[in-house]
Every structure is written in C-alpha cells, then in structure tokens.
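Asks: Can you look at this prediction? I've put the sequence above it.
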Amino acid sequence: MNKKSLLVGLGFVCLLVFGTSVALARKSTTVEPNAVLLVTGLQGEAGMGSTVGPDGALYVAEGAAGRISRFDPRTGQTTTYASGLPQAIVGIGIGGPMDVEFIDRTAYALITLVGSDIGGTEVVGIYRVDDVDSFTVIADIGAWAIENPPPPITAYDTPTGVQYALESYQGGFLVTDGHHNRVLWVTLDGEITEMIRFDNIVPTGLAVKGKEVFMAEAGPLPHLPQDGKVVVFEENSSTASEIASGAPLLVDVEFGRGRTLYALSQGLFPAGSLPGSPATPDTGALVMVNQDGTFSEILAGLDRPSSLEFIGKTAYFVSLAGEIWSIDGIKP
C-alpha cells in the first residue's frame, strides 16, 4: 500500500522473468526463525504500511492516529516522525496514512478514504512530509480517480478508490488501489496515469527490482488461499505473470537476502465480514516463494500482519494489533 519483512531459504534457482533473473528459493524446512515483540501501542488499525528509510530505521504509517512513527532497530527507540496527517474516519478503521515511502531523504505518505465521497474533507493522495507537522499534497489521486473511473468489473462503492501501497519507482511512485483493481504511476509533479489494470484480484503490497514490479494479490472476497498470489509485471505490460499462489489474503511482498522473495499472508478471512475487514487474529503467516510456483510457510500464527521489511539479516513485520516484531534466523 507504501502499505507496508521476513525469512529464509536454502538453495536458489534463477527464474527468468521479463529477461532478468530473480532467485526463488527451493523448498526447505530446516530453518527455525525466532520472533521477538519490539513495539506495542501503534494506532494503524487497517493500514499500517511501512518502509525502511535512508537512515536504516523502520517507518510506519498509523492511519488511526494520522502520523508516521520511526523505529530505530539499533536502539529500540520509537519516536514520532510526522503527525497531523488526515486520520481514518470510516468504521472499519481503513484510511488516513496507509503507507510511507522515501525518495532520497524526503518522506511521502499515502492517504486514502478521507474524501468527500465518504463524508470526509481531506485530499486523497500523496502528501510530501515537509516537517514534523507540515505537509504538501503533491498528487490528488482521489480527484483523478473520480475523473477516470475503472471499468465496471465489480461494484465500486467508493469513487476515490482505496489506495493501499506506495512504492518508489523510476523517480516517482507506484500506487496500488485495492478497490479499483489497478496500479497507478504518479510523478513528483503530480501527474497520474494508470500503469496496469486487473480484474477483481485486490492488489495490495509492492516490491521493485530494477524495472520489474512484484505485487501481492489478496484475491476477491472471501480471499481464499488459491486466490492469494504474487505476480510480476513491467511498466509497459498489459498483463502480469503469476509467480506463486496458495496463501490467503496476501498483503505484502518483499525481497530478503540473496534475492529470495517472501510474501505476507494476513490469514483467514472471517465469514460474512465486510470488504476491507482484517483477517482472523493469529492466522497470518510469512511465506517464501518457491521455484515451482508454491509457497513454503516460514512462520505461522502471526496476528493480522500488515507489512513486511528486511533490514540486514533481520526481518520485521508490522501488525494491525499495533505491534512491530522482528524475526531472526534468516539463512539465505
């Protein structure tokens, strides 16, 4: 979403995708990762995207609080990096700051579900962080979405969309819209174009290697395991190529050490829940992408994880419970 890191694999194989090599790990069950709770009390509810900043710290978007927090993995200290951003206003907690990303040393926040179409008064789009409590809107994605609605693949209740992840790419940004089922390209000058459009697959987290874009798909309701996929595409692609499938409600994808690709499953979707609701607590998992298009479960029982990052040999995930966890034991 910039919406928002984990573990291991023994042995690698090159998979040629769009002419470049991406190493996907062979199946292995020899790793025993160790998870440690680092931070509690974050207020993101259904957002909680994250990124690693240029200083090596972890930055987390807190939608319910309208702020971005900074966690220093060296000291264990958590501080407020920016506050005063639009907060989540809808009942299930989605909205406000959904993700955060850096270009050079400047931070940008992705803000969603705060527009007039749902009773809000704020701009849906990308905000540049100018100071701890000062921001500039660089792209009004909500207004663009209203003027450029998606085709009627499925029912769209929110004209401004539900933007999920923010990722730097080619000097600008990629933005997934999990409601309008598309990925947008946004320049620093605020120009917005549709990069690629999908059927009802609910695009979520993003990772970039060179010109290749790797994306997690949560799949349509009820987010069944077979619909949870990782795909790859490039700037001029009209379709995406599937890399792996088989994990429910995928919310993020990230590269670990050795170019091994991992994905984050939020878990089992509660029957009868509203669209956008989180998974059942303690059913999430970190999974590894295998060469045969399947996932290997690395660590299960995660409580509603929302984003994944790697810092050195350690993986970090943020959860909707307002927590940051580290996972050691990664063996690329």
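Replies: Noted; the coordinates are in hand. Numbers count the residues shown, from 1 in each chain.
Asks: Show me the strands in the stretch 51-200 of the chain, by range?
Replies: 58-62, 67-71, 78-83, 96-103, 106-112, 125-131, 134-140, 163-169, 172-177, 182-186, 192-197 (DSSP state E, counting those that start in this stretch).
Asks: Show me where the stretch 101-250 of the chain dips below the pLDDT cut-off.
Replies: Along the stretch 101-250 of the chain, the model assigns pLDDT under 70 to residues 153-154.
Asks: Any chance of TSV for the strands of the stretch 51-200 of the chain, columns mean neighbour count and distance to residue 301?
Replies: (Glycine included, C-beta is placed from N, CA and C.) Below are the strands of the stretch 51-200 of the chain laid out as TSV (neighbours: other C-beta atoms under 10 Å; distance: least, C-beta to C-beta, whole Å):
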stretch	mean neighbour count	distance to residue 301
strand 58-62	28	21
strand 67-71	23	22
strand 78-83	16	24
strand 96-103	28	25
strand 106-112	26	29
strand 125-131	19	35
strand 134-140	16	37
strand 163-169	26	24
strand 172-177	27	27
strand 182-186	22	31
strand 192-197	17	34
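Asks: Using TSV, lay out these together with distance to residue 35.
Replies: TSV is the format used below for the strands of the stretch 51-200 of the chain (distance: least, C-beta to C-beta, whole Å):
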stretch	distance to residue 35
strand 58-62	15
strand 67-71	16
strand 78-83	18
strand 96-103	23
strand 106-112	27
strand 125-131	30
strand 134-140	34
strand 163-169	23
strand 172-177	27
strand 182-186	31
strand 192-197	34
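Asks: what's the closest of those strands to residue 214?
Replies: strand 163-169 (9.7 Å; C-beta to C-beta).
Asks: Pairing partners for the closest one, with directions?
Replies: strand 172-177 (antiparallel) (DSSP bridges).
Asks: what's the angle from the partner strand to strand 96-103?
Replies: Orientation check (axes from the mean of the first three to the mean of the last three C-alpha atoms, to 10 degrees): strand 172-177 against strand 96-103 gives 150 degrees.
Asks: re the thing from before, point out the one among the strands of the stretch 51-200 of the chain that comes closest to residue 50.
Replies: Nearest of the strands of the stretch 51-200 of the chain (C-beta to C-beta): strand 58-62, 4.7 Å.
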